[in-house]
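Novice: whatever this is, show me its structure:
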Amino acid sequence: MTSGRPRPAHLEIPLDLIDAVDKVNEVAPVLVAHPPADAVTIAAAAGRLNTATRPGLIIGGGARGAAEEITALAERLGAPVVATANGKGTFSEHHQLSIGAGLHHKAVAEFVAECDVVLAIGTELASTDLWNGPLKFPGDLIRIDVDPAQMITNALPDYCLVGDAQATVTALNQRLGKAHASQEAAKRAQRWQKLFRKHARTQGAAWLPLVEAMKEVLAPGAVIAGDSAMACYYGTLSNLPLEGPASFLYPTGFGTLGYGLPAAIGAKMGAPDRQVVALHGDGGVMFTLPELATAAQERLPLPVIICDNGGYGEIRREMVDRSEPVHGVNLPGVDFAMVAKGLNCHGLTVDDEDRFAMALRKAFTADRPTVLHVVGELAGA
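Specialist: Numbering: from 1, shown residues only. Okay, here's the model as predicted:
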């Protein structure tokens with residue numbers, strides 16, 4: 001489960017052993033090695049990075065364990081950094097070298113095309129992140145991935161560094177030369193930041209008031225558990241800066257509706273001292289809405305934001321774009337504040353930025369979860 005590419009493992013216990021009794025001894029935890037890529041390949045990649053004049057970094061979910069090392073690497077190279085949805089926050093989005101999170105923006109494709117070397121760490125470079133087709137790498141591509149099969153998926157690298165991200169980036173840092181001029185690197189990053197933010201704000205315009213209100217309240221280290229909702233992938237992904245690995249929990253790839261609330265419950269119980277927010281659409285939250293009872297039972301001060309646009313807005317929009325009959329995507333008005341109270345949570349309906357920010361701030365210190373039913377233009381409706 002913890003070796004190679006970390007993932008869940010299935011353990012099956014035969015029925016006749018479930019109630020078996022025997023004397024057993026405690027077993028010491030198995031220590032799993034997380035080695036770097038081989039030294040020869042690291043040396044070759046470091047040599048190429050040392051000669052780069054326009055380097056760039058792409059970081060994904062597999063880079064989460066190497067946050068400090070990647071920050072040191074980016075600063076040493078003077079390389080702007082763009083993150084996938086799963087890599088969001090691993091490199092602080094408040095850092096002057098951060099371009100932003102979200103590979104699907106036109107600015108990212110243009111940035112990659114401008115780089116003479118791109119270092120991709122722990123990312124599949126998959127269509128679920130890119131949306132608009134694969135990235136093209138006119139310069140050299142260096143990939144770091146713990147999974148050998150993933151190394152050649154979606155893009156063929158010029159340098160294959162198969163190994164643990166933290167160990168491999170540490171080894172790279174040890175072989176790289178002096179840091180590049182920070183002022184020059186910052187200017188280059190700033191140019192791409194502006195273009196990226198322009199695209200992000202245009203795409204997420206309907207949710208910017210909500211995002212701006214969240215910015216006022218969220219503290220450094222806050223965790224957003226987002227559902228597969230327009231408010232998340234158009235709104236917060238690229239427009240709400242976060243810092244810290246796993247600060248943006250999102251069902252990348254599967255588009256799992258209902259993911260946000262149970263993910264937020266787990267995050268809050270695992271990190272009780274951090275602000276945790278569940279962010280949903282009104283359609284997606286219907287898949288796991290009863291989990292409010294679990295959060296209430298645990299007395300979690302958890303804000304659950306539900307952006308109500310009257311149903312499954314993304315599917316409805318696609319039907320309209322294809323001139324198809326719109327059917328099966330509109331939900332009758334649900335009083336989510338009332339549902340919340342019925343499940344022993346606080347509940348409030350808001351349609352105003354100031355009132356929303358005030359309610360969100362209060363929800364972090366409440367004695368139980370608070371459902372914020374966001375309606376009207378604030379919900380992107």
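Novice: contacts and neighbour counts: CA atoms only from here.
Specialist: Fine.
Novice: what's downstream of the helix ranked longest in the chain, the next helix or strand?
Specialist: Scanning the chain for the helix with the most residues, using DSSP state H, yields helix 182-203. Later in the chain than helix 182-203, the nearest helix or strand by DSSP states H and E is helix 208-217.
Novice: for that next one, name the packing helices and strands.
Specialist: helix 353-363 (3 or more CA pairs under 8 Å, 6 or more residues apart in numbering; DSSP states H and E).
Novice: buried ones in the longest helix of the chain?
Specialist: 182, 185-186, 188-190, 192-193, 195-197, 199-201, 203 (16 or more other CA atoms under 10 Å).
Novice: go on, stretch 295-313?
Specialist: For stretch 295-313, using 16+ other CA under 10 Å, the buried residues are 295-296, 300-313.
Novice: which one of those residues is nearest Ile265?
Specialist: Checking the buried residues of stretch 295-313 against Ile265 with CA to CA, the nearest one is Ala295 at 6.4 Å.
Novice: so what are the domain limits for the protein?
Specialist: 39-199, 204-379 (automatic domain parsing).
Novice: okay if I get those as a markdown table plus mean pLDDT and distance to Leu31?
Specialist: Listed next are those as a markdown table, based on pLDDT from 0 to 100; distance: least, CA to CA, whole Å:
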| stretch | mean pLDDT | distance to Leu31 |
| --- | --- | --- |
| domain 39-199 | 94 | 15 |
| domain 204-379 | 95 | 23 |
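Novice: which of these sits closest to Glu12?
Specialist: Closest among the domains of the chain, using CA to CA: domain 204-379, at 24.1 Å.
Novice: okay, angle between the longest helix of the chain and helix 208-217 too, please.
Specialist: 130 degrees (axes from the mean of the first three to the mean of the last three CA atoms, to 10 degrees).
Novice: and helix 182-203, how far out from the chain middle?
Specialist: 19 Å (CA atoms, centre = their mean, to the nearest Å).
Novice: next one: stretch 93-113
Specialist: For stretch 93-113, the distance to the chain centre is 14 Å (CA atoms, centre = their mean).
Novice: mind listing what's buried along it?
Specialist: Buried residues in stretch 93-113 (16+ other CA under 10 Å): 93, 95-105, 107-109, 111-113.
Novice: just these: which are in helices?
Specialist: Counting by DSSP H, these contribute Ala107, Val108, Ala109, Phe111, Val112, Ala113 to helices.
Novice: any idea how far the residue lying closest to His105 once chain neighbours are set aside is from Arg5?
Specialist: Counting by CA to CA, 6 or more residues apart in numbering, the nearest residue to His105 once its immediate chain neighbours are dropped is His199, at 6.6 Å. Here His199 is placed at a distance of 33 Å from Arg5 (CA to CA, to the nearest Å).
Novice: repeat for Ile18
Specialist: From Ile18 to Arg5 the distance is 30 Å (CA to CA).
Novice: ok, Ile224 next?
Specialist: In terms of CA to CA, Ile224 sits 24 Å off from Arg5.
Novice: that older thread, closest to Asp354 among the buried residues of stretch 295-313?
Specialist: Ile305 (14.9 Å).
Novice: what ranges do the strands span in the stretch 51-200 of the chain?
Specialist: Per DSSP state E, counting those that start in this stretch, the stretch 51-200 of the chain carries strands over the ranges 55-59, 81-83, 98-101, 117-121, 140-145, 159-162.
Novice: got it, and the stretch 201-350 of the chain?
Specialist: 223-226, 248-249, 276-281, 303-307, 346-350.
Novice: and the shortest one, what does it pack onto?
Specialist: Of the remaining helices and strands, those touching strand 248-249 by 3+ CA pairs under 8 Å, 6+ apart are strand 223-226.
Novice: how about the longest one?
Specialist: Counting contacts by 3+ CA pairs under 8 Å, 6+ apart, strand 276-281 is packed against strand 223-226, helix 260-270, strand 303-307.
Novice: paired strands for the shortest one, with orientation please.
Specialist: When you say that, I think you mean strand 223-226. Strand 223-226 pairs in its sheet with strand 248-249 (parallel), strand 276-281 (parallel), by DSSP bridges.
Novice: just these: most buried one?
Specialist: Greatest average neighbour count among the strands paired with strand 223-226 goes to strand 276-281 (a mean of 28), per mean count of other CA atoms under 10 Å.
Novice: pick out whichever of Ile18 and Arg5 has more residues nearby.
Specialist: Arg5 (16 against 8; other CA atoms under 10 Å).
Novice: would you mind measuring from that one to Gly65?
Specialist: With CA to CA as the criterion, Arg5 and Gly65 are 12 Å apart.
Novice: ok, now Glu93?
Specialist: Using CA to CA, one gets 17 Å for the distance from Glu93 to Gly65.
Novice: format the strands of the stretch 201-350 of the chain as JSON lines; extra columns: distance to Arg48.
Specialist: What follows is those, written out as JSON lines (distance: least, CA to CA, whole Å):
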{"stretch": "strand 223-226", "distance to Arg48": "36"}
{"stretch": "strand 248-249", "distance to Arg48": "32"}
{"stretch": "strand 276-281", "distance to Arg48": "41"}
{"stretch": "strand 303-307", "distance to Arg48": "46"}
{"stretch": "strand 346-350", "distance to Arg48": "54"}
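Novice: closest one to Pro36 among the ones you listed?
Specialist: Using CA to CA, those put strand 248-249 closest to Pro36, at 26.4 Å.
Novice: gap between that closest one and the chain center?
Specialist: The answer for strand 248-249 is 4 Å, by CA atoms, centre = their mean.
Novice: how about stretch 161-172?
Specialist: The answer for stretch 161-172 is 21 Å, by CA atoms, centre = their mean.
Novice: can you list the residues that contact it?
Specialist: With contacts defined as CA atoms under 8 Å, 6 or more residues apart in numbering, stretch 161-172 is touched by 4, 34-38, 41-43, 45-46, 62-63, 65-66, 69-70, 73, 121-122, 142-148, 151.
Novice: which PyMOL command selects the buried ones in these?
Specialist: Those of those that count as buried under 16+ other CA under 10 Å are selected in PyMOL with:
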select buried, resi 4+34+36+37+42+43+45+46+62+63+65+66+69+70+73+121+122+142+143+144+145+146+147+151
